[in-house]
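Q: This is a predicted model, with the sequence first.
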Amino acid sequence: MSALADHVVLITGASRGLGAAVAPLLAREGAHLVLLARTQGGLEETDDRVREVGGQATLLPMDLADGDAVDRLGPSIYRRFGRLDGLVSCAAQLGQLTPVAHADPDRFHGLLTVNLLAAQRLLRTLDPLLRAAPAGRAVFVTDGIATAPRAYWGPYAASKAGLEALVTSYAAEVRKTPLRVNLFDPGPMATRLRADAFPGEPEGARPSPAEVAPALLPLLLPSCEHHGERISRCAGEPPSGR
């Protein structure tokens, strides 16, 4: 039997990048996926890849900046499936690469809303389901810039540093439950976010999300024993955004 047979796993940022890449891997393990992203077209493309491996998915077009919609997510998943076994939080924005003193307050707040505040609202609405799962698993994608900030990356680095503090605290709070919560740093990947930050980078200079996704998969399996850890795929590389 597949490791995730009958499990339900929610993936945010599922229309592209790492979220889209890990979806078919989870589907091969038997999970039913709830794919969340802003763009319907991107979700449908991910759904096609899930179906190609024999999997099934429920598509959920949603903007994580809509706090009220995020708050309704847990009850909605419970009514539909009666359970939630896994969360893969991949959604993120780059924001402005700018001196801290020049950052636009509204854009900074928008960045924090998606990269940090939405994570807390996700945990608040999904916590009862994840705790109730026999082997609940939650993985939040982070970035090396969180622990080694650099010039002009202040807003993005701050959002990821806040995310790491939030998730690590939550992991400590659920340590005595079956739930396992971890951070995953994929290292630099050939994503749209990275292309926005490094528009001149040669094609093929960084691994694709599909090459990185297998390193994330074990953190979602019932056999995972990591908890409250920061798992880095490429320790030692300089932080430079994903």
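A: Arrived safely, thanks for sending.

Q: any idea which helix is longest in the protein?
A: Longest among the helix segments of the chain by residue count, using DSSP state H, is helix 154-173.

Q: okay, that helix in CSV with CA atoms only?
A: Once side chains and other backbone atoms are set aside, the C-alpha atoms of helix 154-173 remain, and they are given as CSV (Å, rounded to 0.1, in the frame of the first residue of the first chain):
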residue,chain,number,x,y,z
GLY,A,154,15.6,43.3,4.2
PRO,A,155,11.8,42.9,3.7
TYR,A,156,11.9,39.4,2.3
ALA,A,157,14.6,38.3,4.8
ALA,A,158,12.5,39.7,7.7
SER,A,159,9.4,37.8,6.5
LYS,A,160,11.3,34.5,6.3
ALA,A,161,13.0,35.1,9.6
GLY,A,162,9.6,35.7,11.2
LEU,A,163,8.3,32.6,9.5
GLU,A,164,11.1,30.5,11.0
ALA,A,165,10.5,31.8,14.5
LEU,A,166,6.7,31.2,14.2
VAL,A,167,7.0,27.7,12.9
THR,A,168,9.7,26.7,15.4
SER,A,169,7.6,28.0,18.2
TYR,A,170,4.6,26.0,16.9
ALA,A,171,6.6,22.9,16.7
ALA,A,172,7.6,23.2,20.3
GLU,A,173,3.9,23.6,21.3
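
Q: And that helix, what's buried?
A: Of all the residues in helix 154-173, those buried under the rule 16 or more other Cβ atoms under 10 Å are 154-164, 166-168, 170-171. In this view, the C-beta of every residue, glycine as well, is placed from N, C-alpha and C.

Q: so residue 59 makes contact with residue 43?
A: Yes: distance between residue 59 and residue 43: 4.5 Å, which falls inside the contact criterion (Cβ atoms under 8 Å).

Q: Looking at those two, which one has more neighbours?
A: Taking other Cβ atoms under 10 Å, residue 59 and residue 43 do not tie; residue 43 has more neighbours (25 against 18).

Q: The more buried one contacts residue 15, doesn't it?
A: Yes: the criterion here is Cβ under 8 Å, and residue 43 meets it with residue 15 at 5.2 Å.

Q: list the residues that contact both of these two?
A: Taking Cβ atoms under 8 Å, 6 or more residues apart in numbering as the contact definition, residue 43 and residue 15 share the neighbouring residues 35, 37.
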